[in-house]
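J.: Coordinates for the following, if possible.
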Amino acid sequence: MRDLVIFGLSIFCGLFMGIIFDLYRAIRRIFKPKVLLSYLEDLIFWIIIGGIFFALLINTTDGILRGFVFIGVFVGVLLYMILLSNYILPLFILIFKLILNVFNEIIKVIKKPFAKILLLIRVYFKEMTKYSKMIFKKK
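T.: Model (predicted):
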């Protein structure tokens with residue numbers, strides 16, 4: 001009975017790994033990283049997946065590698081990819097795009113007063129240089 005529960009937890013863990021994989025894919029599609037950043041993202045992804053698998057092994061089998069745990073994780077990832085990924089991945093992409101749009105709007109709102117201040121400073125210095133040239137010409 002305990003092995004059956006562990007197998008079920010392995011399947012659930014595989015489903016969770018599938019969700020993380022879709023998050024990873026959505027981030028890659030939105031941001032389109034360069035080569036070096038891509039390697040770093042890959043490393044972070046595999047550290048997270050390895051940590052999840054390690055935690056599963058430690059918490060369920062006391063760190064003993066059991067074949068049915070690997071099979072359960074594989075089945076969980078496979079089920080997720082076949083049944084849920086086509087719905088979840090576009091949702092993640094939409095959420096990331098919405099977050100980016102909100103972030104860009106916040107940046108625009110924050111930037112607007114500073115742009116006006118910079119414009120005023122430029123106009124001020126332009127006028128100052130014009131008047132200083134007039135003053136220095138009279139001498």
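J.: Quick check: Ile82 vs Val75, distance?
T.: Here Ile82 is placed at a distance of 10 Å from Val75 (CB to CB, to the nearest Å). (Glycine included, C-beta is placed from N, CA and C.)
J.: which one of these two has more residues nearby?
T.: With other CB atoms under 10 Å as the criterion, Ile82 and Val75 differ in neighbour count, and Val75 comes out ahead with 16 against 10.
J.: What's the biggest helix in the protein, counting residues?
T.: The residue-count maximum for a helix in the chain (DSSP state H) belongs to helix 85-138.
J.: which strands and helices sit next to that helix?
T.: Where contact means 3 or more CB pairs under 8 Å, 6 or more residues apart in numbering; DSSP states H and E, helix 85-138 is packed against helix 2-31.
J.: Report the angle between the longest helix of the chain and helix 2-31.
T.: Relative orientation of helix 85-138 versus helix 2-31 (axes from the mean of the first three to the mean of the last three CA atoms, to 10 degrees): 30 degrees.
J.: So which residue is dead centre in the chain?
T.: Here the mean C-alpha position of the chain is nearest to the C-alpha of Ile27 (CA atoms, centre = their mean), at a distance of 4.8 Å.
J.: Am I right that it is in contact with Ile44?
T.: No: under the contact definition of CB atoms under 8 Å, Ile27 does not touch Ile44, with a separation of 10.2 Å.
J.: Count the neighbours of Ile19 for me.
T.: Here the count is done by other CB under 10 Å, and Ile19 has 16 residues near it.
J.: Quick check: it vs Cys13, distance?
T.: Remark: distance between Ile19 and Cys13 (CB to CB) = 11 Å.
J.: need the contact list for Tyr24.
T.: Glu41, Phe45 (CB atoms under 8 Å, 6 or more residues apart in numbering).
J.: Determine the three-state secondary structure at Pro33.
T.: In terms of secondary structure, Pro33 is coil; the call rests on DSSP: H, G, I helix; E, B strand; the rest coil.
J.: In contact with it, which residues?
T.: Applying CB under 8 Å, 6+ apart to Pro33 gives the contacts Glu41.
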